[in-house]
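Novice: next comes the sequence, and after it the predicted model I'd like to discuss.
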Amino acid sequence: MTTPLLITRRMTDHPGDSHTIVRYESTGGYTQGKRALGLTRDELVEEIKTSGLLGRGGAAFPAGLKWSFLAPERPAYLVVNADESEPGTFKDRQLLERDPHQIIEGMIITSIANEVHHAFVYIRGEYAKPARRVQTAVDEAYAKGYLGGGIFGSDYDLEVTVHLGGGAYICGEETALINSLEGKRGEPRLKPPYFPAAKGLYMMPTIVNNVETIANLPHILAMGGGEYSKMSGSADTGTFLMSLSGHVNRPGNYELAHGITWRELIYEIGGGIPDDKQLKAWIPGGASAPWFIPEKHLDLEITKDATAAAGSMLGSGAVIVMDEDTCMVRAAERLVRFFAHESCGQCTPCREGTTWLEMILRRIEEGQGRAVDLDLLVDVSDGISIGLAWPPKMTTICPLGPSAVSPIIALRDYFRDEVDSHVGNGGCPLKSGGGPQTPRSPSGEGASEDGRSSDPVASKEDRP
Amino acid sequence: MSVWSESTKERAKEIIARYPEKRSAVMPLLYLAMAEEGHLTDPGMEEVARWCEITPAQVRAVASFYTMFKRERTGQYLISCCTSITCMLLGGDEVLHAVEDESGVPHGETDDEGMLSVEHVECIGACGGAPAVQVNYELIEGVSPTQARELVRWLKRARPEVANSDEMQELFGARRSFDWGISEEHGAIGPYPAFQPLGTVGSEVSE
């Protein structure tokens, strides 16, 4: 690839020790954090606006604009959203684990730009090693005087607290994250207020930015916002980390300029499908994104606008590839199960709707599906997101519920025949769900006497 | 009467000092309570409530919201198998079944000795190295069903004091999501995350 690497350069050039402060400083680290102290809020916000940097957590909100909304009350807070939990996404884990000082320097820049003196990193609880790495880096930065009282010998104070989550996807939603950080259940807040920048942590102005967004900041300051905006060959600026996984020969995180096609990503960068199988479908932007199929979408450019025009999104940059042997009903069930499990339960359409979608999909997969079930799935989905439009219409406080209908849209639009053959066949017509799995149980073995599934994975008894 | 040791109380003070408001320390203190007693008990949660100056009901509301706060007896080793989309595509269900079969512990349960707990989990951010398994939140990527069985036998036989991700990856893993770099000498000492402020980071005990 000809893309100049920014945020993955250090870990690419120095795979052994890119996470240490020695390596960070010997490769130019902390010079921009120091420099930011000499710049005004307006200069910093303008630089980020010029860069065109879009939030990398999934919503692609312009980062500079988010900063410019910050209300004047003080204290203001910064929370780095490292609650990465969208199925298929593992980019932030690599940034946290392999280059934590880059994130700290980005936090220093963000804090100075927004007059923040206490910043938090909210890391999902399952990311124990990344959290240890970040805590070690924070401790090193304190010891050097880059954090704490009077950073870099100035009169600017900045405290950083690393906070561990408890295993709840919904805490990636910024108002849920703030509730969680306040010591409450991680339930999204009613809007308005629409932006934590107005009322956030402790009801004070708060900037919430994703890990990757923050990691870009030292590079934007170093090269200038204008130069950064020109890096990519398309309207989207800078680089973009994509987590490629599933049925590809070379899964991994790839830092790319926007504007390549899906064909290039899957077949050139990803090395194609194992055993030269056919591509059946892929999810372009994490579990929440409507699916793409090769017949329609393979030669589309990977940009925010081109993806939106085709009815999906780049989201968190997670691309999940499924080969010809993958059962689409099973894949849909697994995605919907995720949303049902992670629903916070506040809103009825999401709490009840996702649970019903999961149960209907499971009965289709297990051979107890009915001819009307696809219509029923669509009807339930319509109750969660009216009209099944893109972008999804909301019936709920947050987008989690409406995200769960994406796999249903794919079944309705592209895989109706496969659903029908499940129903006609009395179970999954494919010999496996894809990959090296045990074939599904013959019809009947998958269900216990009371008709409930006895598949251990399917059980819901362990849910809170 | 406090159920916490003096050193845990010291640590609770340090943790609370990291936050602008005491209530924000609920989650780290719940982990601290788990480390103290092995899992969350009513007296443990009441202790957290006292430290954070909120009611026990408010603490329980938080504890019950998150999957990592275990309110039932949990084994010394918590084996978490990912069965989310990418892991499922690449055999994660089979890995879970192998762990259940080899350990004799169905997911969501703990064995009689209190040694092993097994659970299936949603995406743990290791899709590039799927299927993935964690032992006490220490990651192993690229695990086959055979390796999963070996992992269970090894935990039962070797009973490592510290679950070290690099060591287990070397023994039972294969493809990784990315280059991990130099290995870590630290790991987890119980079924909760190993994290410096919680005092739950164990050093590898060499032979």
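Specialist: Yes, it's here.
Novice: so what touches the longest helix along chain B?
Specialist: As assigned by DSSP state H, the longest helix anywhere in chain B is helix B:145-158. Applying CB atoms under 8 Å, 6 or more residues apart in numbering or on different chains, the external contacts of helix B:145-158 come out as B:77, B:79, B:81, B:91, B:94-95, B:97-99, B:101-103, B:115-116, B:133, B:135, B:140, B:143, B:168, B:171-174. C-betas here are computed from N, CA, C, even on glycine.
Novice: how about stretch A:412-426?
Specialist: Looking at what lies outside stretch A:412-426 - CB under 8 Å, 6+ apart - the contacts are A:281, A:291, A:293, A:327-329, A:364-365, A:367, A:369-371, A:373-374, A:377-378, A:411, A:428-429, A:443.
Novice: can you rerun that using 7 Å?
Specialist: By CB atoms under 7 Å, 6 or more residues apart in numbering or on different chains, the list of residues contacting stretch A:412-426 from outside reads A:293, A:328-329, A:364-365, A:367, A:369-371, A:373-374, A:378, A:411, A:428-429, A:443.
Novice: for the residue in chain B positioned nearest to chain A, which non-adjacent residue is spatially closest?
Specialist: Residue nearest to chain A within chain B (CB to the nearest CB): residue B:66, separated by 2.8 Å. The shortest distance from residue B:66 to any residue that is not its chain neighbour, by CB to CB, 6 or more residues apart in numbering or on different chains, is 2.8 Å, and that residue is residue A:166.
Novice: pLDDT at the one you found, what is it?
Specialist: Here, the pLDDT recorded for residue A:166 equals 98.
Novice: how about residue A:272: what's its closest non-neighbour residue?
Specialist: Take residue A:272 and drop its neighbours on the chain: the residue closest to it by CB to CB, 6+ apart is residue A:249, 5.7 Å away.
Novice: do you know how far the one you found is from residue A:423?
Specialist: 34 Å (CB to CB, to the nearest Å).
Novice: quick one, which of the two is more surrounded?
Specialist: A count of neighbours by other CB atoms under 10 Å in any protein chain shown puts residue A:423 above the other of residue A:249 and residue A:423, at 19 against 14.
Novice: isn't there a helix covering the more buried one?
Specialist: Yes - membership of residue A:423 in a helix is supported by DSSP: H, G, I helix; E, B strand; the rest coil.
Novice: helix or strand right after the longest helix of chain B?
Specialist: Sequence order places helix B:165-172 as the next helix or strand after helix B:145-158, per DSSP states H and E.
Novice: contacts only, for the most centrally placed residue in chain A.
Specialist: Central residue of chain A (CA atoms, centre = their mean): residue A:316, 3.4 Å from the mean position. The neighbourhood of residue A:316, defined by CB under 7 Å, 6+ apart, consists of A:57-58, A:86, A:89, A:285-286.
Novice: confidence-wise, which of those comes last?
Specialist: residue A:58 (83).
Novice: distance check, it against chain B.
Specialist: As for residue A:58, its distance to chain B is 14 Å (criterion: CB to the nearest CB, to the nearest Å).
Novice: and that residue, that's in a strand?
Specialist: No - with three-state DSSP as the criterion, residue A:58 is coil rather than part of a strand.
Novice: what's the burial count for it?
Specialist: For residue A:58, the tally of surrounding residues (other CB under 10 Å) stands at 25.
Novice: surely it and residue A:318 touch.
Specialist: No - applying CB atoms under 7 Å, one finds residue A:58 not in contact with residue A:318, separated by 9.3 Å.
Novice: who touches both of these two?
Specialist: Common neighbours of residue A:58 and residue A:318, using CB under 7 Å, 6+ apart, are A:86, A:286.
Novice: near chain B at all, stretch A:196-212?
Specialist: Yes - using CB under 7 Å from any CB of the partner chain, a contact is recorded between stretch A:196-212 and chain B, made by residue A:202.
Novice: starting at the chain centroid, how far to the helix or strand that contains residue B:117?
Specialist: Residue B:117 belongs to strand B:116-121 when assigned by DSSP H and E. Here the centre of mass of C-alpha atoms in strand B:116-121, compared against the chain's by CA atoms, centre = their mean, to the nearest Å, lies 10 Å away.
Novice: how about the helices of chain B, start to end?
Specialist: Assigned by DSSP H, the helices in chain B fall at B:6-16, B:26-37, B:42-52, B:56-63, B:85-89, B:92-103, B:145-158, B:165-172.
Novice: return the most buried member of the ones you listed.
Specialist: Burial among those, expressed as mean neighbours by mean count of other CB atoms under 10 Å in any protein chain shown, is greatest for helix B:85-89, which shows a mean of 31.
Novice: most surrounded residue in the contacts of stretch A:412-426?
Specialist: Note: the member of the contacts of stretch A:412-426 with the most neighbours is residue A:329, at 29 neighbours, neighbours being other CB under 10 Å.
Novice: element containing that residue?
Specialist: Assignment of secondary structure by DSSP H and E places residue A:329 within helix A:328-342.
Novice: so after that helix, what's the next helix or strand?
Specialist: Per DSSP H and E, the first helix or strand lying C-terminal to helix A:328-342 is helix A:348-365.
Novice: show me where pLDDT drops low in chain A?
Specialist: Across chain A, residues meeting the criterion (pLDDT under 70) sit at A:1-4, A:233-235, A:258, A:431-464.
Novice: which single residue in it comes nearest to chain B?
Specialist: Among the residues of chain A, residue A:166 lies closest to chain B, at 2.8 Å counting by CB to the nearest CB.
Novice: hmm, that residue is touching residue B:63, no?
Specialist: No - using CB under 7 Å, residue A:166 makes no contact with residue B:63, being 8.4 Å away.
Novice: domains of chain B?
Specialist: For chain B, the structural domains run B:6-63, B:77-202, going by automatic domain parsing.
Novice: in a markdown table: those, plus mean pLDDT and distance to residue A:418.
Specialist: Putting the domains of chain B into a markdown table (pLDDT from 0 to 100; distance: least, CB to CB, whole Å) gives the following:
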| stretch | mean pLDDT | distance to residue A:418 |
| --- | --- | --- |
| domain B:6-63 | 98 | 42 |
| domain B:77-202 | 98 | 16 |
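Novice: ok, now which ones touch residue B:60?
Specialist: Counting by CB under 7 Å, 6+ apart, the residues that residue B:60 touches are residue B:45.
Novice: brain fart, residue A:395
Specialist: For residue A:395, the contacting residues are A:349, A:384-386, by CB under 7 Å, 6+ apart.
Novice: try it again with 8 Å
Specialist: Applying CB under 8 Å, 6+ apart to residue A:395 gives the contacts A:347, A:349-350, A:383-386, A:401-402.
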